[in-house]
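Novice: Task: produce atomic coordinates for the following.
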Amino acid sequence: MLIKERKTDISKERFGGTGDTIICHYMDEALLPAAVKMYAEIILKPGCSLGYHKHSGNCETLRIISGVACYSDDGKEVLLYPGDSAFCPEGHSHSVGNAPDAEEDLHIQALVVNTAG
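Specialist: Just a heads-up that it's a prediction; the model follows:
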């Protein structure tokens with residue numbers, strides 16, 4: 001199945017973060033299997049972030065496409081570079097942001113999978 005159209009959502013201060021979170025869905029959510037909650041590219045402009053949040057009933061895998069991510073893994077701060085991946089299991093917390101002085105937008109591939117039966 002060829003998919004040419006992509007829905008884009010813009011969320012302000014998502015999970016208490018800063019600025020806008022741009023979510024470009026890879027496909028219509030109705031086409032995703034029940035186990036997949038979200039499969040999308042997330043774009044964070046300089047100074048924007050997804051706030052610190054806990055995953056309940058799902059887990060998330062992030063892969064950095066371009067830019068440098070300021071990532072909090074259960075409160076431990078690390079930098080993620082293009083090609084790096086991070087996994088947030090159910091019951092754990094994380095946040096991700098693009099530094100205010102970043103020279104480019106941060107592009108992240110995100111896959112959120114439901115873990116509850």
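Novice: I'd say residue 72 and residue 92 touch.
Specialist: No: here residue 72 does not reach residue 92: they are 10.8 Å apart, not a contact under Cβ atoms under 8 Å. Just so you know, the C-beta spots here come from the backbone N, C-alpha and C atoms, and that holds for glycine as well.
Novice: neighbour count winner among these two?
Specialist: Taking other Cβ atoms under 10 Å, residue 72 and residue 92 do not tie; residue 72 has more neighbours (20 against 14).
Novice: Below-threshold pLDDT in the protein: ranges please.
Specialist: By pLDDT under 70, the low-scoring segments of the chain are 117.
Novice: same thing but at 80, please
Specialist: 1-2, 116-117 (pLDDT under 80).
Novice: Tell me where it has strands.
Specialist: Along the chain, the segments classed as strands by DSSP state E run 8-12, 20-25, 36-44, 49-54, 58-66, 69-73, 76-80, 85-88, 93-97, 106-114.
Novice: Turn those strands into CSV, including distance to residue 1.
Specialist: Shown next, in CSV, are those (distance: least, Cβ to Cβ, whole Å):
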stretch, distance to residue 1
strand 8-12, 20
strand 20-25, 15
strand 36-44, 14
strand 49-54, 30
strand 58-66, 23
strand 69-73, 31
strand 76-80, 31
strand 85-88, 26
strand 93-97, 30
strand 106-114, 19
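Novice: Residue 43 versus residue 62, what's the distance?
Specialist: Distance of residue 62 to residue 43, computed by Cβ to Cβ, to the nearest Å: 13 Å.
Novice: wait, I meant residue 32
Specialist: 20 Å.
Novice: sorry, back to before: who touches both of residue 62 and residue 43?
Specialist: Residues touching both residue 62 and residue 43 (Cβ atoms under 8 Å, 6 or more residues apart in numbering) are residue 108.
Novice: what's near enough to touch the spatially closest residue to residue 46 that is not a sequence neighbour?
Specialist: Excluding the flanking residues, the one nearest residue 46 by Cβ to Cβ, 6 or more residues apart in numbering is residue 102, at 4.1 Å. By Cβ under 8 Å, 6+ apart, residue 102 lies in contact with 46, 47, 67, 68.
Novice: give me that answer again for 7 Å
Specialist: 46, 67, 68 (Cβ atoms under 7 Å, 6 or more residues apart in numbering).
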